[in-house]
Structures are given as C-alpha cells and as structure tokens.
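Undergrad: what's the 3D shape of this:
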Amino acid sequence: MAALLALLAGCTSASKYAVVRPGLECDRATRVAYRTMVEMGYTVTDVSPPTYKAGSITGTKVLPSGETVTGRVIITCTGEGAELQPVEDALIPNWEFSRMFGYSYKSLVQRPDVEEPAKKIGLQVLVHAIPTQEARLDLGGEPTVAGAVPVRVTIRNNTDRAVAVDPARLELVRDDGATASPLTGRARDAAIAPGAAGDRIRAEALTAARVPGHTTISRFLVFPAGRYREARLSIEDVETQESDGFVAPVE
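TA: Numbers count the residues shown, from 1 in each chain. Predicted coordinates for the structure are as follows:
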C-alpha cells in the first residue's frame, strides 16, 4: 500500500510540472524544447518529433561532481496545442529537472526563435555549427554526409553603409589550432546529403554578396569534418573598400 501511495504521489507531482501551451504549433513547441534543453546545459542526444503519437527529446549533462545525468521531455500535440512533460532520471526524484525545464521553457517560448542582437548598432557576425539533432528539427533532416559540418553564418549590418562578404575570406579554427576553409566545387557537392535538408543548404549557400545597411542575411556553408572553436572573417566596406577583420566564437 505504501509503495502504491508513493507511486500515485509521484504521478501527481509529475503532472504538476507539465507545460501546457494551448494554441502553440507542434513544430515550434519541439524547437523551443530543444533550445530549452541546450540552455539548461544538456547535450541533446535524441530527438523524436511528435506525429500521431508522442515525441520526445533526450539529453545528457555532466554535473560538477562528474556524474552524468539524463534529461527527457515527452511532447504530446493535439489540435488544441502542445503539452510537454519532463521525465525525472531518478527512482526518488527531487523534481529539480522538471522545475528548471518549466521555468526555462516558459521564458524561451515568449522570445522569437531568432534572437535580435543585443547591440542595435554596428556590424555583428554570428557563426553556428549545426549539430545533427538541431538540423533534423530546423532543416528537416541531415544536410551533410561523412561528418562534414553544416555552418550557418549570420551577418547583421546595423550601420548606414553597405558591406561586402565573401566566403573565400572566412576560415574556421579547429580545437587543435588548425584552420579550415569552406568546401567548394566537387568536394562540397559530395559532402551535401540528398534530400530536403541538403537542398536547403544549396539554395541558401553563402556566396560573395553585398549586405546593405540595416539588413541581416543568414546563409550556409559546409566545412570539413572536425570540431571548431573560432571563426575569422574579413568584411569590406563597399564605399571605402577598406576591410575589417572579425573573430567570433563558433557556437
């Protein structure tokens, strides 16, 4: 009897921490859940988008003690909206994961999927190596093969002057300090996977282009397999033809 009461109490506590979002589209509910897990410090290891049945997102996190914990969220979608249920990784849970997920999710869902820059003036460069699980959510599949790294480059030109950007003047720095340039030609074609995700990488590839003032562009490049920590890019002022170098972390 005591064990049954404890089980019922656990079910009640778990349901209390469910995140119910009426009117929220299923795809966006899943994307925000992914971002929430990442913001909480989890490495997402599996994404199963909800369809006619519940989906889930699973991740792991290494605590300061060295212990590895698992976080999992079950996502159920209906015609009325989405419900997200955190699942505790403990026989006798303390509900810390559930509480933190709920707080973080409710904050992130109120913000746009693409964050505005903190600074409203100047030139900003963002470089993001897209992990496999994120690509499946945002691009609809895996865009590359053989370990090639899809990279999203965002240029936010919050100035009055046009600038010129050229992928030939961009390189990434690996964890070991070696540098790599974007793949081009046949090497790039061979690294892009068939299907919708690969088609989007091709269609929205970063090419040499001008970025007018107060304009943002976001495009894709493909790099050789590796772990990258830093991006180096030279951007030219179209009017003066002077170039400035930028160094940005690879997020």
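
Undergrad: I'd guessed Val149 sits against Phe223; true?
TA: Yes. At 4.5 Å, Val149 counts as touching Phe223 under the criterion of Cβ atoms under 8 Å. From N, CA and C alone the C-beta is placed, and that goes for glycine too.

Undergrad: Name the residues contacting each of these two.
TA: Ala129 (Cβ atoms under 8 Å, 6 or more residues apart in numbering).

Undergrad: Thr68: neighbour count?
TA: 11 (other Cβ atoms under 10 Å).

Undergrad: quick one: it and Val62, what's the gap?
TA: Spatial separation of Thr68 from Val62 under the definition Cβ to Cβ, to the nearest Å is 5 Å.

Undergrad: How about Arg31?
TA: Look at Arg31 and Val62: by Cβ to Cβ, they are 25 Å apart.

Undergrad: The two - which one has more neighbours?
TA: The neighbour count for Arg31 versus Val62, taken as other Cβ under 10 Å, is higher for Arg31 (19 against 12).

Undergrad: SS state for the more buried one?
TA: Per DSSP: H, G, I helix; E, B strand; the rest coil, the local secondary structure of Arg31 is helix.

Undergrad: The closest residue to it other than its chain neighbours: what's it in contact with?
TA: Using Cβ to Cβ, 6 or more residues apart in numbering and skipping the chain neighbours, the partner closest in space to Arg31 is Leu137 (5.5 Å). When contacts are counted by Cβ under 8 Å, 6+ apart, Leu137 touches 27, 30-31, 34, 47, 49.

Undergrad: Could you check how many residues crowd around the spatially closest residue to Leu170 that is not a sequence neighbour?
TA: Of all residues beyond its chain neighbours, the one nearest Leu170 is Leu233 (4.4 Å), with distances taken as Cβ to Cβ, 6+ apart. Other residues lying near Leu233 total 21 when counted by other Cβ under 10 Å.

Undergrad: same thing with Arg156?
TA: Neighbour number of Arg156 under other Cβ under 10 Å is 20.

Undergrad: separation between the closest residue to it other than its chain neighbours and Ala180?
TA: For Arg156, ignoring the flanking residues on the chain, the nearest one in space by Cβ to Cβ, 6+ apart is Gln124 at 4.2 Å. Gln124 sits at a distance of 23 Å from Ala180 (criterion: Cβ to Cβ).

Undergrad: do Cys77 as well
TA: According to Cβ to Cβ, Cys77 and Ala180 sit 40 Å apart.

Undergrad: ok, now Pro194?
TA: Pro194 sits at a distance of 24 Å from Ala180 (criterion: Cβ to Cβ).

Undergrad: Which of the two has more residues huddled nearby?
TA: For the pair Pro194 and Ala180, the greater number of neighbours falls to Ala180 (15 against 9), based on other Cβ under 10 Å.

Undergrad: The more buried one contacts Ala187, correct?
TA: No. In this structure, Ala180 sits apart from Ala187 without contact. The criterion is Cβ under 8 Å, and the distance is 11.6 Å.

Undergrad: In terms of helices and strands, where is the residue nearest to Arg156?
TA: In this structure, Gln124 is located in strand 122-129 according to DSSP states H and E.

Undergrad: Show me the domain layout of the chain.
TA: With automatic domain parsing serving as the domain definition, the record reports that the chain contains domains spanning 14-108, 122-249.

Undergrad: could the ones you listed be laid out in JSON lines, adding mean pLDDT?
TA: Converted to JSON lines, those look like this (pLDDT from 0 to 100):
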{"stretch": "domain 14-108", "mean pLDDT": "88"}
{"stretch": "domain 122-249", "mean pLDDT": "94"}
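
Undergrad: re earlier: okay, now the residue nearest to Arg156: neighbour count?
TA: With other Cβ under 10 Å as criterion, Gln124 counts 17.

Undergrad: what do you get for Glu230?
TA: A total of 16 residues lie near Glu230 under the criterion other Cβ under 10 Å.

Undergrad: For Val127, give the beta-bridge partners.
TA: On the basis of DSSP bridges, Val127 takes part in beta bridges with Val153, Val250.
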